[in-house]
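Engineer: Sharing a model prediction with you, sequence too.
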Protein chains: 4
Amino acid sequence: MKRPSPIPASALPAAAFRAPARVRFGDCDPAGIVFFPNWFSMASATIEDLFRERLGIDFHALHAERGIGTGFVHAAASFMRPGMMGDDVLLTPLIRRIGGASYALDLHIHRGEEELARLDLVTATTDLATRTSRPVPPDLRAALLRYMSECGPSEGQEIPA
Amino acid sequence: MKRPSPIPASALPAAAFRAPARVRFGDCDPAGIVFFPNWFSMASATIEDLFRERLGIDFHALHAERGIGTGFVHAAASFMRPGMMGDDVLLTPLIRRIGGASYALDLHIHRGEEELARLDLVTATTDLATRTSRPVPPDLRAALLRYMSECGPSEGQEIPA
Amino acid sequence: MKRPSPIPASALPAAAFRAPARVRFGDCDPAGIVFFPNWFSMASATIEDLFRERLGIDFHALHAERGIGTGFVHAAASFMRPGMMGDDVLLTPLIRRIGGASYALDLHIHRGEEELARLDLVTATTDLATRTSRPVPPDLRAALLRYMSECGPSEGQEIPA
Amino acid sequence: MKRPSPIPASALPAAAFRAPARVRFGDCDPAGIVFFPNWFSMASATIEDLFRERLGIDFHALHAERGIGTGFVHAAASFMRPGMMGDDVLLTPLIRRIGGASYALDLHIHRGEEELARLDLVTATTDLATRTSRPVPPDLRAALLRYMSECGPSEGQEIPA
């Protein structure tokens, strides 16, 4: 495990998509801080909003109508500082890599300038009917590439295939 | 990201602690498979049971009475196969490393012989009142070392400090 | 709202199905007690087990293969005493009423003899493809009646149609 | 159980507080609809926002600093229509009753004009240190009364004590 160094919110690309979220009472545990799986749920919600509001891809239709799954094959998080109930946070997803049948994101969670958590999420596109791998659909690939390009190069980013 | 190769359940140490769990309807998403943050919740429950049933440490008293937090500073999972509603799974935690103020576990999730997910979890011990790092308490350290020794050497395990 | 009086666990029918559960760290909120929606999740899991282990109906096949939904149209709970992390509880579902296209359960949650919560859950059977009401399937109706009869008459129970 | 009749969103008091929420992929179950306990979680988040944004009471400070709990003693919901992933919903809480050491809310969940769910939530104020009942604090009582008065009389509302 390599522990990432926190990056201030303002150091992220200005053109990146940002989703606000509020830490809820029910998100927190008896230690008074976010129960860690809930950070992953918030990240998942952010990716849905990224699709809808920035990529122009209907995440829900992708699953329900087009039968394409975007399940995670890898999900990792480094927790740098605890989130507390009532905190207003900002989630910033950045595309790190686009492969043939998968793509990878870095997702930063900040409270003000302070980075609370950094997530590394790898998604594989699947055919929901057969539960087998399938290529990233062309409209999603184009949208991911466009977003990646709008955000500009970032540390750790890999050249898309 | 390195993707681990699945290990059959029977290849894990016979002496390891195993916690059964059942995948619930409410754990699954519209794609019919476990919504990934729920795997982390199941892993967290397993670690509570490991403490109570094998390590002899009351996880809940540790927090509520002794004021010691065991928050995660890193949590990663590779998802190899989807879990479906009704699946009976077995979660096997193995200690990988014990440091001064942290310890790391590998946690395997199997359905029968088939590995569904592999988690890598790093916990830091904290003083809940000040939210600062503190050494792993001696009774917990001794119990973790004993469990580690009972399980025997495993791939990727590091020599305890 | 009428507040029910707690019933000791031993006053429930001896023949009733009982599902054990353990209150988890992640089920609890910053007040240190079960975050109330999680009691409903535990109840939902108990009903899955009732179907599988006592009624002989595969809850998951009912949905995934037979296309029959058992969605809740009403869910209520009275919380009598808080559940704390580490508590071992027992959930006891009792059938209160079986209608043409719905059935109702009382579900008691006890810690030892002490009742912590009482739930009132009404399920309507639906055709998942059309999302419309459909009769309770005959095998499920027969199983519910059999279970109801095994438990014997209970307070507030209504004569099945 | 009395089943309420749906009320169109526009029939609710114009002055009522409304909180937007989006139904997430992870909120939904394999039947593709909101897993019912998640409606209660959304309602809980709405009440936090009502406190902060309309009542001027810091929900989080109330718990963490003032040691006052606002636990639910009763929670009920009638589910009229299913919520689907991607739905944008509006949650409207209305005060129904303010007692000496408790208060009750009706909470309506709408998608457009269509009511999806109606919740009935009763909160008891407690001293978190002793976990015993305590009077509703004066600032909270005044704020609840003010909000109740701003919304005007509503069906089923009771005269405050």
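Structural biologist: Great, that's in hand.
Engineer: mind checking the SS state of residue A:42?
Structural biologist: Three-state assignment for residue A:42 (DSSP: H, G, I helix; E, B strand; the rest coil): helix.
Engineer: Please report phi then psi for the residue lying closest to it once chain neighbours are set aside.
Structural biologist: Leaving aside its chain neighbours, residue A:42 sits nearest to residue A:21 (5.2 Å; criterion: CB to CB, 6 or more residues apart in numbering or on different chains). The C-beta positions use only the backbone N, C-alpha and C, and glycine is treated the same way. Backbone torsions of residue A:21, given as degrees, to the nearest 10, read phi -150, psi 160.
Engineer: Let me see the contact set for residue A:21.
Structural biologist: A:42, A:45-46, A:88-91 (CB atoms under 8 Å, 6 or more residues apart in numbering or on different chains).
Engineer: Over to residue A:24?
Structural biologist: Contacts for residue A:24 (CB under 8 Å, 6+ apart) come out as A:85, D:41, D:44-45, D:48.
Engineer: tell me the pLDDT at it?
Structural biologist: Note on residue A:24: pLDDT of 96.
Engineer: before we move on, what about residue A:152?
Structural biologist: 88.
Engineer: try residue A:38
Structural biologist: pLDDT, residue A:38: 98.
Engineer: what helix or strand is residue A:38 on?
Structural biologist: Here residue A:38 sits within helix A:37-49, counting by DSSP states H and E.
Engineer: Which two among the contacts of residue A:24 are spaced furthest apart?
Structural biologist: A:85 and D:41 (13.5 Å; CB to CB).
Engineer: anything in the helix or strand of chain A with the lowest mean pLDDT near chain C?
Structural biologist: Across the helices and strands of chain A, mean confidence by mean pLDDT, DSSP states H and E is lowest for helix A:59-64: a mean of 88. No: on the criterion CB under 8 Å from any CB of the partner chain, helix A:59-64 is out of touch with chain C, staying 12.8 Å away.
Engineer: and the next helix-or-strand element following that helix, what other elements does it pack with?
Structural biologist: As assigned by DSSP H and E, the chain's next helix or strand after helix A:59-64 is strand A:68-79. Using 3 or more CB pairs under 8 Å, 6 or more residues apart in numbering or on different chains; DSSP states H and E as the contact test, the elements touching strand A:68-79 are helix A:37-49, helix A:59-64, strand A:114-127, strand B:68-79.
Engineer: on that earlier part again, which helices and strands does the helix holding residue A:38 pack with?
Structural biologist: Judged by 3+ CB pairs under 8 Å, 6+ apart, helix A:37-49 is in contact with strand A:19-22, helix A:59-64, strand A:68-79, strand A:88-98, strand A:102-111, strand A:114-127, helix B:37-49, strand D:19-22.
Engineer: Those into JSON lines, with extra columns for distance to residue C:112?
Structural biologist: Formatted as JSON lines, the helices and strands packed on helix A:37-49 follow (distance: least, CB to CB, whole Å):
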{"stretch": "strand A:19-22", "distance to residue C:112": "38"}
{"stretch": "helix A:59-64", "distance to residue C:112": "44"}
{"stretch": "strand A:68-79", "distance to residue C:112": "36"}
{"stretch": "strand A:88-98", "distance to residue C:112": "40"}
{"stretch": "strand A:102-111", "distance to residue C:112": "41"}
{"stretch": "strand A:114-127", "distance to residue C:112": "39"}
{"stretch": "helix B:37-49", "distance to residue C:112": "20"}
{"stretch": "strand D:19-22", "distance to residue C:112": "38"}
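Engineer: By mean pLDDT, show me the worst of these.
Structural biologist: Among these, helix A:59-64 carries the lowest mean pLDDT (a mean of 88).
Engineer: So what's the gap between that one and the chain middle?
Structural biologist: Chain-centre distance of helix A:59-64: 17 Å, with CA atoms, centre = their mean, to the nearest Å.
Engineer: Wondering if it reaches chain D at all.
Structural biologist: Yes: interface with chain D: helix A:59-64 contributes A:59-60, A:63-64 (CB under 8 Å from any CB).
Engineer: what subset of those is also close to chain B?
Structural biologist: Restricting the residues of helix A:59-64 next to chain D to those touching chain B (CB under 8 Å from any CB) yields A:63-64.
Engineer: still on that earlier bit, what's the closest of the helices and strands packed on helix A:37-49 to residue C:54?
Structural biologist: helix B:37-49 (24.0 Å).
Engineer: buried ones in the closest one?
Structural biologist: Judged by neighbour count using 16 or more other CB atoms under 10 Å in any protein chain shown, the buried positions of helix B:37-49 are B:37-49.
Engineer: between it and strand B:102-111, how big is the angle?
Structural biologist: Using axes from the mean of the first three to the mean of the last three CA atoms, to 10 degrees, the inter-axis angle of helix B:37-49 relative to strand B:102-111 is 120 degrees.
Engineer: Run through who's touching helix B:37-49.
Structural biologist: Residues contacting helix B:37-49 (CB under 8 Å, 6+ apart): A:35-38, A:40-41, A:44, B:17, B:19, B:21, B:27, B:59-60, B:75, B:77, B:79, B:83, B:89, B:91, B:93, B:105, B:107, B:109, B:117, B:119, B:121, C:22, C:24-26, C:86, D:26.
Engineer: what's the angle from it to strand B:88-98?
Structural biologist: Using the same axes, to 10 degrees: helix B:37-49 against strand B:88-98 is 70 degrees.
Engineer: for chain B, what are the nearby residues on chain A?
Structural biologist: Counting by CB under 8 Å from any CB, chain A comes close to chain B at A:1, A:3, A:30-31, A:33, A:35-38, A:40-41, A:44, A:63-64, A:69, A:71-79, A:82, A:104, A:120, A:122, A:128, A:131.
Engineer: residues contacting the residue sitting furthest away from the middle of chain A?
Structural biologist: What lies farthest from the middle of chain A is residue A:30; by CA atoms, centre = their mean that is 26.8 Å. Going by CB under 8 Å, 6+ apart, residue A:30 touches B:63-64, C:25, C:28-30, C:32, C:85.
Engineer: Dig out what residue A:102 forms beta bridges with.
Structural biologist: residue A:124 (DSSP bridges).
Engineer: Look up how far chain B lies from it.
Structural biologist: As for residue A:102, its distance to chain B is 10 Å (criterion: CB to the nearest CB, to the nearest Å).
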